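In: My questions concern the predicted model and sequence given below.
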Amino acid sequence: MCEHKDFLTFFAMGKLLLYTSPFAIFQNAIVMSESDLRFPVGKLIIPELVDNNSFNSWIDVISAFPEQVKKEVESLNEEQLHWRYRPGGWNILQVVHHCADSHMNSFIRFKLTLTEERPTIKPYFEDRWAALPDTTQAPISQSIAILEGLHARWVILLKDLSNAQKELEFLHPEYEKPFKLGQFTAVYDWHCRHHLAHIIQAKIAKGSYNS
């Protein structure tokens, strides 16, 4: 019996729950499909409309994320940090460094949208960033520190957004469509839950996806 036996229920609610146990728990990790392993909280769905209750819940997720990641990884040794969350997927170290990279980009996109007229943002190749030496070699504590400071500032910004500011748009050239700041906040609610689930999956698998 796996010690994370309620993992699927824990994440299926679509929330990143604050929990007192150091682990989420789930059953039958071994029989999860490739799609389940890639998208344990489901694929991203960007809402067309944003209500205040949903927006506030997304802020709660973003606010809680750094501490929850820290709790999951702080006791892991070097070998364990290189456990992968699925065959061919990133290891825990890469996932955490990716979150720091991704969320820095997102924070800057928010600030550009708040200070410029419908800016066009610059995409990046996240798979190539994940292969750079700072992602494969830097201590995980450095990205935890980035996430802690970054999310603290990001939450201040999000909590101060007016309804009109939530409607401000930026253009994403990869998708060739505009995104509103309110909608984009939902993306990072999902992104936090998505990658926290990956970290927990990797811990459950205990290196079995590395071979």
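Out: Thanks, I have the structure now.
In: So which elements touch the helix or strand harbouring Lys203?
Out: Using DSSP states H and E, Lys203 falls within helix 181-205. Packing partners of helix 181-205 (3 or more Cβ pairs under 8 Å, 6 or more residues apart in numbering; DSSP states H and E): helix 7-12, helix 52-73, helix 92-115, helix 163-166, strand 169-172. C-beta here means a position set from N, CA and C on the backbone, and glycine is covered the same way.
In: To Leu37, which of these lies closest?
Out: helix 7-12 (11.7 Å; Cβ to Cβ).
In: Buried by neighbour count: which residues of the next helix or strand after the closest one qualify?
Out: Once the chain leaves helix 7-12, the next helix or strand it forms, by DSSP H and E, is helix 34-38. For helix 34-38, the buried set under the neighbour-count rule, 16 or more other Cβ atoms under 10 Å, comprises Leu37.
In: Mind checking the pLDDT average for helix 34-38?
Out: Averaged across helix 34-38, pLDDT comes to 82.
In: Give me the residues contacting it.
Out: The contact list for helix 34-38 (Cβ atoms under 8 Å, 6 or more residues apart in numbering) reads 85-87, 89, 201.
In: go on, stretch 104-124?
Out: So stretch 104-124 is contacted by 101, 146, 150, 153-154, 157-158, 165, 168-174, 178, 181, 184, 187-188 (Cβ under 8 Å, 6+ apart).
In: 6 Å - rerun?
Out: By Cβ atoms under 6 Å, 6 or more residues apart in numbering, the surrounding residues in contact with stretch 104-124 are 150, 154, 168-171, 174, 181, 188.
In: Keeping just the C-alphas, turn it into CSV.
Out: Taking Å, rounded to 0.1, in the frame of the first residue of the first chain, the C-alpha atoms of stretch 104-124 are listed here in CSV:
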residue,chain,number,x,y,z
MET,A,104,9.2,35.0,-13.1
ASN,A,105,8.0,35.2,-16.7
SER,A,106,4.4,35.4,-15.7
PHE,A,107,5.0,38.1,-13.1
ILE,A,108,6.7,40.2,-15.7
ARG,A,109,3.8,39.7,-18.1
PHE,A,110,1.4,40.9,-15.5
LYS,A,111,3.5,44.1,-14.9
LEU,A,112,3.9,44.7,-18.7
THR,A,113,0.1,44.4,-19.1
LEU,A,114,-0.5,46.8,-16.3
THR,A,115,1.9,49.5,-17.6
GLU,A,116,1.6,49.2,-21.4
GLU,A,117,-1.1,49.1,-24.0
ARG,A,118,-1.9,45.5,-24.9
PRO,A,119,1.7,44.4,-25.0
THR,A,120,2.9,41.4,-27.0
ILE,A,121,4.7,39.1,-24.7
LYS,A,122,7.8,36.9,-25.6
PRO,A,123,7.4,33.2,-25.3
TYR,A,124,10.3,31.0,-24.4
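In: how far does it sit from the chain's center?
Out: Distance of stretch 104-124 from the chain centroid (Cα atoms, centre = their mean, to the nearest Å) equals 18 Å.
In: in it, what counts as buried?
Out: Under the neighbour-count criterion of 16+ other Cβ under 10 Å, stretch 104-124 has 105-107, 109-110, 113, 119, 121 buried.
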